[in-house]
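> Quick check, what structure comes out for this input:
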Amino acid sequence: MAGQVDIRVETAVGQFAGIDFDGRGPDVLLVHGTGHNSAAWAPVAGRLVPHCRVVAIDLRGHGHRISTDGRIAEFPLPDRAARPHAITSGPDGCCWFTEWASGRVGRITPDGHIETHPLADPASEPHGITVGPDGALWVALETGSIAHLVPA
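Next up is the predicted model:
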C-alpha cells in the first residue's frame, strides 16, 4: 500500500505504535490479538482503504520495543514483507522469531543485528516458536508439522 506510514500515538497512559494505512471516508481503528502486531491487519486494510481511513495500533509489548522512558526502538527486517509473527528468547542470549510470509526463522542480537534462516519449505508459514528442554528451537508450522532447530 503506497499510503502506509508507521505512526506513534501519545496517550495519557503512554505511547503506542501502529500503522496508518491511509484511505478515505470514516475512520476505522484495528486492534490485533495476542501474539500479533499491527502489520497483521495489512490484508484487511488493503480491502478497506477504498472505503475508509484505516489505522492499526500495536498493543503494549507487541510490534515495537518500548523503553521505560517511552522511547521505541524498531528493528526493520531485511524483507519488510516477511510478516514476523512470534518471538522467543533463545538459548544463545538472542531473540528468535518466525517470518510467517517467507518461510524463515530469524535471529536478532541484543544490539539489533538480524540474520534469517530459510526453512525446508518456503510455504511452511512458521507461527509459534519456543525453546525446548533440549535447548533447541521448536517451531509450529501452518503446514501441519513442527520444525526442530539447533542454534549453532
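> so where's the chain uncertain?
Scanning the chain for pLDDT under 70 picks out 1-2, 34-35, 60-72.
> Where do the domain boundaries of it fall?
Residue ranges for each domain of the chain read 5-66, 78-149, as given by automatic domain parsing.
> where's the most centrally placed residue in the chain relative to Ile7, distance?
The residue lying closest to the centre of the chain (C-alpha atoms, centre = their mean) is Pro84, at 3.6 Å. Distance, Pro84 to Ile7, by C-beta to C-beta, to the nearest Å: 18 Å. Where you see a C-beta, it was placed from the backbone N, CA and C, and this is true even at glycine.
> Over to Ala147?
34 Å.
> Please identify which of these two sits among more neighbours.
Comparing Ala147 with Ile7 by other C-beta atoms under 10 Å, the one with more neighbours is Ala147, at 19 against 13.
> element containing that one?
strand 145-149 (DSSP states H and E).
> Against which helices or strands is that strand packed?
strand 137-141 (3 or more C-beta pairs under 8 Å, 6 or more residues apart in numbering; DSSP states H and E).
> who does the strand it packs on touch, helix- and strand-wise?
Counting contacts by 3+ C-beta pairs under 8 Å, 6+ apart, strand 137-141 packs against strand 126-131, strand 145-149.
> That's all I had, so thanks and see you.
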